[in-house]
Structures are given as structure tokens and as C-alpha cells.
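S.K.: A predicted structure for the sequence below; I have some questions about it.
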Amino acid sequence: MAKPRIGITCHGFHEPIVRSAVGQQYVDAVLAAGGAPIALPLGLDDESLDVVYDIMDGLLLPGGDDVAPERYGHPRHPLLGLVHDARDDLELTMARRALKDDLPILGICRGIQVLAVAAGGTLYQDIPSEIEAIVGHDVREYGRDHLCHQVEIEPNSRLAQSLGTTSSTVNSFHHQSVRDVPKGFVVTARADDGVVEAIEAPGSHFVLGVQCHPEGMWRTTAPEFAHLFSAFVQAAAQYSARR
């Protein structure tokens, strides 16, 4: 059986030249789970997007900068970070199409936020100024595998089933989070201060977003997250078989 093909959206950067790129940790996690990663570059025209989308068996929305609040009808907060229109265009288009077709989706950090916005939800633009958070949610200075706070996971959720646990300690590099959960989704994990750490769509084949960065933990400090990538790739294989 051919490996399921997992589209991973690119981020862009502009020095010294404009590039579309995918973090190697996402690629490694998909490969280890048995998938075949496909990088989805920025700036695709509609016809090219159609061609690429039609060969995908799953969509991975990775971490990155902020989602523009205009995408969910909110004014800009003074502490909004960098936003990228081309990336918002690509990821929201892909996510909405995948949701409509029940294509398996895994959203990571920015990816959970994109998933929420694509489905009609909203975001907190800056946790420190908008939520009485008691947990440090942006501690990237300690490294990508540093475990910094606990999350409690709903027992009957897909996330709990994938990880094999209802509690985990995770890394954290974000200042935004899901605010209004979109219709058809439920919150399946929270930090101790109530910040949303996971959402999923129970009626879907596999649509799940996590606020942490499992691609930075599964090899070392939180091996249970390898099972999350395996569950996602397995769902993509099942999607491929149904074609």
C-alpha cells in the first residue's frame, strides 16, 4: 500500500530572498508515522492549488506567526504579532476545503488557530493582556522539547485515545489561543488556567488541533505524542483507501 500523502503548508521568509519553507521537525514526524510529506508553497494559483489538493490524503497546519484578526472580524490588538496574508490565504483556503471534504487535519500551534478561524471561531490575540493566565505560555527560550506546563485532556476525546492518557506535560511557544470555539468543535484539552490546548470535531473522520508543538517533543521528552502523528497518518491512509 502506498504511503498516505500529507500536505504541510509552508511559511515564508524574505531574507536574503523570498522562500517558502517547511520545518524539518514536521517532516520527520510525518515520515516516522508512515506518511509521505508534501510541502505546499505560498502563492499557489487556484488551478495549482486544485492539482495539489487532489493528491492529498491529509493536511498538517504547522506553527508560525499570528493569524490576521480581520480573518475573523476583529480589530487588531496593539500586541498583535507578525501576520502574513499569503500564508493566511493558503491555509484558510486549504483548511476550509479539507473541512468540507472531511479530509484528515492536524493543526499545531498556529495550526489550531487557523483551524478554529477556518471553521468560524475567533482568537485571543494576546494571552498576557486578555486572559488572567497563570501559566507561562511562551517559554521558547528553553528549547523545543522543554516541558513547561500540564494539560488535562477529556477522557473520551480523540486526543486522549491517540495519546493513551488524559494528562500530559507539554512545551509552549504561543501568545494567541482559541477564544470562541467554532460550531461542530469541542474543547478537549485545557491548561490549568483555562487556556484552550486542543479542539476537535467529533463528527469528522479526524480533525484535531493542539496548541503545543508535538513535533518538538515526540522523540525525547513526550514520546506519547508520536502516537498522535501515527493516528493522524492512519486516518489519512483510511481516507486514501476510501477514494
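M.R.: Cool, got the structure.
S.K.: Please tell me how far residue 119 sits from residue 35.
M.R.: Distance, residue 119 to residue 35, using CB to CB, to the nearest Å: 23 Å. The way it works is simple: take the backbone N, C-alpha and C, and place the C-beta from them, glycine included.
S.K.: which one of the two has more residues nearby?
M.R.: More neighbours surround residue 35 than the other of residue 119 and residue 35, with 25 against 19 (other CB atoms under 10 Å).
S.K.: Settle this for me: residue 174 is touching residue 210, isn't it.
M.R.: No - the pair residue 174 / residue 210 is not scored as a contact, 10.9 Å apart, by CB atoms under 8 Å.
S.K.: So for those two, which sits in the more crowded spot?
M.R.: The residue with more neighbours, out of residue 174 and residue 210, is residue 210; 28 against 20, by other CB under 10 Å.
S.K.: Can you tell me the element the residue nearest to that one when sequence neighbours are not counted falls in?
M.R.: Spatial nearest neighbour of residue 210, excluding adjacent residues (CB to CB, 6 or more residues apart in numbering): residue 198 at 4.9 Å. Using DSSP states H and E, residue 198 sits within strand 196-200.
S.K.: Kindly export that strand (C-alpha atoms) in CSV.
M.R.: The C-alpha coordinates for strand 196-200 follow below in CSV (Å, rounded to 0.1, in the frame of the first residue of the first chain):
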residue,chain,number,x,y,z
VAL,A,196,-7.6,26.0,25.3
GLU,A,197,-4.9,23.4,24.4
ALA,A,198,-6.9,21.2,22.0
ILE,A,199,-10.0,21.2,19.9
GLU,A,200,-11.5,18.6,17.7
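S.K.: tell me which residues of it are tucked away?
M.R.: 196-200 (16 or more other CB atoms under 10 Å).
S.K.: and which of these is nearest to residue 170?
M.R.: The closest of these to residue 170 turns out to be residue 197 (CB to CB; 7.2 Å).
S.K.: In contact with the closest one, which residues are there?
M.R.: 151, 170, 189-191, 210-212 (CB atoms under 8 Å, 6 or more residues apart in numbering).
S.K.: Which of the residues you listed fall in strands?
M.R.: 151, 170, 189-191, 210 (DSSP state E).
S.K.: separation between the residue nearest in space to the middle of the chain and residue 68?
M.R.: Centre of the chain computed as the mean C-alpha position; nearest residue by CA atoms, centre = their mean is residue 107, 1.8 Å away. Relative to residue 68, residue 107 is positioned 17 Å away (CB to CB).
S.K.: ok, residue 26 touching residue 60?
M.R.: Yes - Residue 26 lies in contact with residue 60 (CB under 8 Å); the separation is 6.3 Å.
S.K.: If anything else comes up later, I'll come back, but that's it for now.
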